[in-house]
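A.B. asks: predicted model follows, preceded by the sequence.
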Amino acid sequence: MNLNAVKTLYQAEMARSLRTVLQSVVSPVISTSLYFVVFGAAIGTRISEVNGVSYGAFIVPGLIMLLLLTQSVSNASFGIFFPRFSGTIYEVLSAPMSYREIVMGYVGAAATKSIILGLIVLATARLFVPYSIEHPLMMVLFLVLTALTFSLLGFIIGIWADGFEKLQLVPLLVITPLTFLGGTFYSIDMLPPFWQAVTLANPVVYLVSGFRWSFYGIGDVSPVVSLVVITLFLAAALAVVERIFRTGYRLKP
Amino acid sequence: MHHDPVISVERLSKTYAGGFQALKEVSLEIRRGEIFALLGPNGAGKTTLISVICGLVNATSGRVLVDGHDNVREFRAARERIGLVPQELTNDAFIRVWDTVAFSRGLFGKPKDPDHLEKVLRSLSLWEKRHNRMITLSGGMKRRVLIAKALAHEPEILFLDEPTAGVDVELRRDMWEVVRQLRDSGVTIILTTHYIEEAEEMADRIGVIRGGELVLVEEKRTLMRQLGSKELTLHLREPLEAIPAALGRHALALAEEGHALVYSYDASEEDEESSGIAELLADLEAEGIGFKDLNTRQSSLEEIFVSLVKEKAQ
Ligand SMILES: Nc1ncnc2c1ncn2[C@@H]1O[C@H](COP(=O)(O)OP(=O)(O)OP(=O)(O)O)[C@@H](O)[C@H]1O
Ligand SMILES: [Mg+2]
């Protein structure tokens, strides 16, 4: 295995986001803080408790998931789209790297970035609301699995996209609605029965629920189901990436 | 003579997704340590051929061996030997010269080696620019950075896809010098170019590709000898109205309104006597035709190339 190459690619990707540290760290932290102010402090005072947890604390895991999903997708999609767009991808494709090593470099860096961001926001949330983490190890596991899965999804989007519009379309039309409708700000048992059933088709529900369970021991579905769903999701993303490289789709004519 | 091939291309064909066939059963052996120039008009398939060898384009059929390693099944062994300078100027605008060159080395799995990078950057006159961001460089400098990147991992084989496009004359000379030094250090070099003078000046062997077919592969020297016709021009003291009958056996033509006689002969003839110059001069003397000056001209590779491409096109 060409570990040196993976390291090089990974570090270059990390360095690229350091160049735009303001955009990649500061802006998500500010926007998430605004959510806390508006939803937690302003609206939260009118909603007493959800499943025995104060509303402000209730939304913490949801907001971090929201951030994790959107950041993973945008980091990873941009990370691979940019060299394709500028043409510098030739270098990676002609290097003695297997496709798995290429994916490790790009996706690993994208996932790392969103995990770091997630942790930063988690720390920031402390300034607004007190919360506890009942199952820290499971929390980290969910964090890592989600970041990886959605970075892979972003990677796929970055390869599929043939222009900047498409690059922004999927996150805008698919990821954001799914996360907002995924129980970020509410427990799905607050919904009418019909919409509860519909919501269960949304994979993000399972992520948020599992993540919230690791904080407070409560969730819309059992944590095992959450874990199974996210693992299936991860496997599906890996299979798609494998296929992309085997066929050379959009990378090798 | 036995030649040790460092790259063997065997019946390589490429049909792009749209159905366009860019390579048609191309077979080619590149010899270890040579400079091979690939010539051909726009769209001939030069970049496609290089891209298949380097693993950027999937072949439709045929195979490529790099130092005996199949470039698909043993892609690591094949690719680590190769450095590629692409035709298009591609770069990350905000990265610094040093970082991008170090990045290239890392991608090929080589440990860091600042001394080597310094040597490469100096040889390409980029040392002073090492802290510059790519966006602040001129086009010719960017092209040299791409060369530095390709050399960063000390490849045994270097592909240069039109390395001197957009590079000024002086720099072009410098780059030729770099290429020569690389060859002297044992690197095999394959370059494509539209500047025939470049092939003429640099190459050991020349391949001509047209419409996806390799129409010719030859030693440059042989090529120039085989196809090179020469012309001897005699500037006469007294103009002639017509070529005297006594000179009829020579391939002569009048030029400059009778002030010059042009004699065409084949420079490829090995024994010099058959050039016929001695006989021609003797006959001129016998006819009393004097001349004040003479010069000879050998057709350049460019003329050879143009005639070859035209000929095949018909
Ligand atoms: N990705 C692609 N998809 C479809 N056709 C392609 C692709 N790349 C190249 N071609 C076609 O293949 C042919 C050969 O192209 P190639 O780039 O190999 O030519 P070239 O000899 O390098 O030309 P030039 O001297 O202009 O660089 C051209 O007709 C080109 O249009
Ligand atoms: Mg080309």
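C.D. replies: In hand now; what should we look at? Ligands and ions are numbered 1, 2, ... in the order given.
A.B. asks: tell me the gap between stretch A:170-177 and the middle of its chain.
C.D. replies: Distance of stretch A:170-177 from the chain centroid (Cα atoms, centre = their mean, to the nearest Å) equals 12 Å.
A.B. asks: how about that stretch: buried residues?
C.D. replies: For stretch A:170-177, a neighbour-count test (16 or more other Cβ atoms under 10 Å in any protein chain shown) marks A:Val170, A:Pro171, A:Ile175 as buried. (Each C-beta comes from the backbone N, C-alpha and C, glycine too.)
A.B. asks: do you know how far the residue nearest to the second one when sequence neighbours are not counted is from A:Ser151?
C.D. replies: The spatially closest residue to A:Pro171, leaving aside those adjacent along the chain, is A:Val73, at 5.3 Å (Cβ to Cβ, 6 or more residues apart in numbering or on different chains). Distance, A:Val73 to A:Ser151, by Cβ to Cβ, to the nearest Å: 8 Å.
A.B. asks: for those two, indicate the residue with more neighbours.
C.D. replies: Higher neighbour count among A:Val73 and A:Ser151: A:Ser151, with 32 against 27, using other Cβ atoms under 10 Å in any protein chain shown.
A.B. asks: quickly find the element holding that one.
C.D. replies: In this structure, A:Ser151 sits in helix A:136-160 according to DSSP states H and E.
A.B. asks: and what of B:Leu65?
C.D. replies: Assigned by DSSP H and E, B:Leu65 falls in strand B:61-66.
A.B. asks: pull the distance from that strand to the chain's centre.
C.D. replies: 22 Å.
A.B. asks: over to stretch B:250-268?
C.D. replies: Between the centre of stretch B:250-268 and the centre of its chain there are 31 Å (Cα atoms, centre = their mean).
A.B. asks: stretch A:51-63 too?
C.D. replies: Remark: stretch A:51-63 is offset 19 Å from the chain centroid, using Cα atoms, centre = their mean.
A.B. asks: would you map the strands across chain B?
C.D. replies: For chain B, the strands defined by DSSP state E cover B:5-15, B:21-31, B:35-39, B:61-66, B:69-70, B:82-85, B:157-161, B:188-193, B:205-210, B:213-219, B:229-236, B:252-255, B:260-266, B:291-298.
A.B. asks: for the residue of the stretch 51-200 of chain B found nearest ligand 1, give its distance to A:Leu93.
C.D. replies: Closest residue of the stretch 51-200 of chain B to ligand 1, Cβ to the nearest ligand atom: B:Gln87 (5.5 Å). Distance, B:Gln87 to A:Leu93, by Cβ to Cβ: 15 Å.
A.B. asks: okay, these two: which has more neighbours?
C.D. replies: The neighbour count for B:Gln87 versus A:Leu93, taken as other Cβ under 10 Å, is higher for A:Leu93 (20 against 17).
A.B. asks: wait, that one sits on A:Leu251?
C.D. replies: Yes. When contacts are counted by Cβ atoms under 8 Å, A:Leu93 is listed as touching A:Leu251 (6.5 Å).
A.B. asks: joint contacts of the two?
C.D. replies: Common contact partners of A:Leu93 and A:Leu251 (Cβ atoms under 8 Å, 6 or more residues apart in numbering or on different chains): none.
A.B. asks: give me the residue at the spatial middle of chain A.
C.D. replies: A:Leu69 (2.3 Å; Cα atoms, centre = their mean).
A.B. asks: quick check, that residue in a helix?
C.D. replies: Yes. Counting by DSSP: H, G, I helix; E, B strand; the rest coil, A:Leu69 is part of a helix.
A.B. asks: state the pLDDT value of it.
C.D. replies: You'll see A:Leu69 listed with a pLDDT of 91.
A.B. asks: spit out the contact partners of it.
C.D. replies: By Cβ under 8 Å, 6+ apart, A:Leu69 lies in contact with A:Thr146, A:Phe150, A:Ile175, A:Thr179, A:Val204, A:Leu207.
A.B. asks: which stretches in chain A count as strands?
C.D. replies: Under the criterion DSSP E, chain A contains strands at A:49-50, A:53-54.
A.B. asks: run through chain A and note the low-pLDDT ranges.
C.D. replies: Chain A contains residues with pLDDT under 70 at A:40, A:44.
A.B. asks: whatever residue of it ends up closest to ligand 1 - nearest residue in space that isn't next to it in sequence?
C.D. replies: Among the residues of chain A, A:Pro253 lies closest to ligand 1, at 3.9 Å counting by Cβ to the nearest ligand atom. Sequence neighbours aside, B:Val57 is the residue nearest to A:Pro253 in space, at 5.4 Å (criterion: Cβ to Cβ, 6+ apart).
A.B. asks: related to what we said a few turns ago, tell me the most buried of the strands of chain A?
C.D. replies: Highest mean neighbour count among the strands of chain A (mean count of other Cβ atoms under 10 Å in any protein chain shown): strand A:53-54, with a mean of 18.
A.B. asks: other residues contacting it?
C.D. replies: A:Gly44, A:Ser48, A:Val129, A:Tyr216, A:Ile218.
A.B. asks: 7 Å - rerun?
C.D. replies: For strand A:53-54, the external contacting residues (Cβ atoms under 7 Å, 6 or more residues apart in numbering or on different chains) are A:Tyr216, A:Ile218.
A.B. asks: pretty sure A:Ser114 sits against A:Thr70.
C.D. replies: No. Using Cβ atoms under 7 Å, A:Ser114 is not in contact with A:Thr70; the gap is 8.6 Å.
A.B. asks: the two: which has the busier surroundings?
C.D. replies: For A:Ser114 versus A:Thr70, neighbours defined as other Cβ under 10 Å are more numerous around A:Ser114 (28 against 20).
A.B. asks: what segments of chain A are helices?
C.D. replies: Using DSSP state H, the helices of chain A run over A:3-19, A:21, A:27-35, A:55-86, A:89-93, A:99-125, A:136-160, A:164-170, A:176-180, A:193-199, A:203-216, A:223-247.
A.B. asks: tally of neighbours for the closest residue to B:Pro111 other than its chain neighbours?
C.D. replies: Leaving aside its chain neighbours, B:Pro111 sits nearest to A:Asn4 (7.0 Å; criterion: Cβ to Cβ, 6+ apart). A:Asn4 has 18 neighbouring residues, counting by other Cβ under 10 Å.
A.B. asks: gap between the residue in the stretch 101-250 of chain A that chain B sits nearest to and A:Leu232?
C.D. replies: Nearest residue of the stretch 101-250 of chain A to chain B, counting by Cβ to the nearest Cβ: A:Gly248, 5.3 Å away. Distance, A:Gly248 to A:Leu232, by Cβ to Cβ: 26 Å.
A.B. asks: check B:His259 too.
C.D. replies: Distance, B:His259 to A:Leu232, using Cβ to Cβ: 91 Å.
A.B. asks: give me the more crowded residue out of the two.
C.D. replies: B:His259 (16 against 13).
A.B. asks: ok, now which ones touch the more buried one?
C.D. replies: So B:His259 contacts B:His235, B:Leu236, B:Pro239 (Cβ under 7 Å, 6+ apart).
A.B. asks: not counting its neighbours along the chain, what's nearest the last one?
C.D. replies: Spatial nearest neighbour of B:Pro239, excluding adjacent residues (Cβ to Cβ, 6+ apart): B:Gly258 at 3.7 Å.
A.B. asks: rewinding a little: isn't the residue nearest to B:Pro111 up against B:Leu107?
C.D. replies: No. Using Cβ under 7 Å, A:Asn4 is not in contact with B:Leu107, being 8.3 Å away.
A.B. asks: what about the residue nearest to B:Gly106 when sequence neighbours are not counted, how many residues nearby?
C.D. replies: Nearest residue to B:Gly106, sequence neighbours excluded (Cβ to Cβ, 6+ apart): A:Thr8, at 2.9 Å. Other residues near A:Thr8 come to 25 when the count uses other Cβ under 10 Å.
A.B. asks: so A:Thr8 makes contact with B:Phe103?
C.D. replies: Yes. Because the distance of 6.0 Å satisfies Cβ under 7 Å, A:Thr8 is recorded as touching B:Phe103.
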